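Visitor: here is a sequence together with a model predicted from it:
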Amino acid sequence: MDFNFSASGLNPKERTQQRIFEILPGAVSWSIILGMAGLSFLKPLAAAVIVIAFDLYWLLRLLYMTLFLILSYFRLSSEKKTDWMERVRGIDNIDEYLGEIKKDQSGTGKEDRLSLSEHIKDIEVLKRSLQKHPSSNDVYHAVIIPVAKETRDIVEPGIKSIAEGSFPTERIIVILALEERACKDVSEGVMEIADKYKGKFLNLIVAVHPDSVPGEARVKGANTSFAAARAAEYLKEKNIPFKNVVASCFDADTVVTRDYFAGLTYYFLSCPDRERASFQPIPVYNNNIWDAPGITRVLETGSSFFQLIESTNSEKLVTFSSHSMSFKALVEVGYWPVDMISDDSAIFWKAFVHYNGDYRVVPMYITLSMDAVVADTWWQTVVNVYKQRRRWAWGVENFPIVMRAFIKSRKIGLYDKFRYTFKLFEGHIAWTTWAFLLTFIGWLPAVFAGREFSHSVLYYTAPRISGMIFHLASLSMAASIVLSLCLLPPKKEKHSVLKRIGYAFEWLLVPFTIVFLSALPALDAQTRLMMGKYMTFWVTDKGRVDKKEKNEQ
């Protein structure tokens, strides 16, 4: 569909639609929060009934999410020992290979059987599709890494991890997307990395994105789009078909596992409609997890948990942070938006609209690691976490653009319009309101109620109902604590048992973090959009404590 996926350059009718949908999320969030607070004062009995109903709904959602979190974690664990390159090579001779792996199902452990069972399903779906797929030897990877103010010590570990991977590096192109406005130390660091690793890949390109390009905002999408265009020129020169290339956009601090690109190649080849799909790994923030304050660890682990839960429902999955897609599709949709902050999710919506709903995200049960937010002081870390979450929540800017696209499109199905509208809208409203309802507003009916409430049956039953709800919720908390400990990286240096126990107790900070470092920045973002005070891109300050420095402290 011919559609301007942007909030700029709109005609009067489009601008009116844009503003209506920009106002809607913030207006609804504030209405729920203030409305429930006012109702608690004016009609505490009615408010108490609504709060109990909401608590029950929240409990059911929490138990549902916990169940799928556990299932997704087991699925992720089942792939830890997978030889992805063997599976990639097997797809080249799919008929013979399918017969072989079916024979191997007996005599394996539970996790191996789960992995093999899902693998067989993938191969059978690919075979039934009757679609041609490229040979495994013809698949290339173009890895785009944007750099704005990240120094060499942040960027180089990721480049090194790609170079040391099991996938043949002579079929990997790395593009370091350097902002022209980057300071001298950053620019020199990028050039040093390029000199050191250029010979380890098919090519390592440094694409210097010019500053102040007309029509562009100072956002990551403008930088990565410029780098992708440079990569397209190089691929044309080398006569490498775009349809055989997987484009990955990584944050500068992203570190991959040894088998990551082998696994990505498998998911790409085994997907029948690979040119109509993005591929989403599970992000974990383990690079500097032991250097991060407790509030950061809890929040970053929660982000990983959210992606694990989302991966169980691929029909509603949207790209987040580091992700991959067919380079052919990337070129056809016109690369990432150059004037939007939330480029990682916007590229999914842009492709979804471009292909009239014929686009999806394939969950990958493979992790990649990034940095948790760490600053020089505890308070500065808190401030940076708040800004990072507000930037993530600015993904609400997709809502008005997607709504305009749905109104205009006659080819996207009504059912798809409805379910994706609900997902987008409900997700952002829940982000801003649930924490306030659970931690503050839910207690207001009892505070404002007078003798009328104290003499009612509800006065005696409400505490028991709430107590039962929160006792059941503690089971979910316990499961989250156990899984968070399992996701911790291997210790590079010895940590005492007390430190790991302390990490578990940090989950007691959840009520504080979800309100002030999740719901509040999300409400901040929605309010800014509602008032027309548009945000600019803010690059998260991240850091790693040097081992030598730690020993000196």
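Guide: Cool, got the structure. These numbers come from a predicted model, not from an experiment.
Visitor: low-scoring stretches of the stretch 51-200 of the chain, by residue?
Guide: Along the stretch 51-200 of the chain, segments meeting pLDDT under 70 span 104-111.
Visitor: skipping adjacent residues, who's closest to Ala51 in space?
Guide: You called it Ala, but residue 51 is Val. Once flanking residues are discounted, Val51 sits nearest to Gly442: 4.7 Å by CB to CB, 6 or more residues apart in numbering. C-beta here means a position set from N, CA and C on the backbone, and glycine is covered the same way.
Visitor: so how far is Ala48 from that neighbour?
Guide: 9 Å (CB to CB, to the nearest Å).
Visitor: and those two? Which one has more around it.
Guide: Counted by other CB atoms under 10 Å, Gly442 and Ala48 do not tie: Ala48 has more neighbours, with 25 against 21.
Visitor: from Ala217, how far out is that one?
Guide: Taken as CB to CB, the span from Ala48 to Ala217 is 46 Å.
Visitor: Arg389 now?
Guide: 20 Å.
Visitor: neighbour count for these two, which is higher?
Guide: Comparing Arg389 with Ala217 by neighbour count (other CB under 10 Å), the higher total belongs to Arg389, at 24 against 18.
Visitor: list the contacts of Val362.
Guide: By CB atoms under 8 Å, 6 or more residues apart in numbering, Val362 lies in contact with Tyr267, Cys271, Ala277, Ser278, Phe279, Gln280, Ser314.
Visitor: could you flag which of the residues you listed are buried?
Guide: Tyr267, Cys271, Ala277, Ser278, Phe279, Gln280 (16 or more other CB atoms under 10 Å).
Visitor: out of these, flag the one nearest to Leu42.
Guide: Using CB to CB, Gln280 comes nearest to Leu42 of those, at 45.4 Å.
Visitor: quick check: the closest one is in a strand.
Guide: Yes - assessed with DSSP: H, G, I helix; E, B strand; the rest coil, Gln280 lies in a strand.
Visitor: isn't Leu204 right up against Tyr197?
Guide: Yes - assessed by CB atoms under 8 Å, Leu204 is found in contact with Tyr197 at 5.6 Å.
Visitor: how about the buried ones among the contacts of Val362, which pair is most distant?
Guide: Cys271 and Gln280 (12.2 Å).
Visitor: could you report the neighbour count for Gly412?
Guide: One thing to correct before we go on: residue 412 is Ile, not Gly. 19.
Visitor: mind checking the longest helix of the chain?
Guide: The single longest helix within the chain, with elements called by DSSP state H, is helix 44-78.
Visitor: tell me what whatever helix or strand comes next after it is packed against?
Guide: Scanning forward in sequence from helix 44-78 by DSSP states H and E, the next helix or strand is helix 84-91. Where contact means 3 or more CB pairs under 8 Å, 6 or more residues apart in numbering; DSSP states H and E, helix 84-91 is packed against helix 94-103, helix 110-129, helix 260-270.
Visitor: residue closest to the middle of the chain?
Guide: Centrality entry for the chain: nearest residue to the mean C-alpha point is Phe320, 2.8 Å, by CA atoms, centre = their mean.
Visitor: quick one: it and Pro283 touch, right?
Guide: Yes - in terms of CB under 8 Å, Phe320 counts as a neighbour of Pro283; the distance is 7.2 Å.
Visitor: overlap of the contact sets of these two?
Guide: What both Phe320 and Pro283 touch, as defined by CB under 8 Å, 6+ apart, is the set Gln307.
Visitor: if we can go back for a sec, neighbour count for Leu204 and Tyr197, which is higher?
Guide: The neighbour comparison of Leu204 against Tyr197 (other CB under 10 Å) goes to Leu204, with 22 against 18.
Visitor: who's in contact with that one?
Guide: Ile173, Val174, Ile175, Leu176, Ala194, Tyr197, Lys198.
Visitor: and Trp336, by the same measure?
Guide: With contact set as CB under 8 Å, 6+ apart, Trp336 has these partners: Lys220, Gly221, Ala222, Thr224, Ser225, Ala228, Cys249, Asp343, Ala346, Ile347, Lys350.
Visitor: sweet, I'm off.
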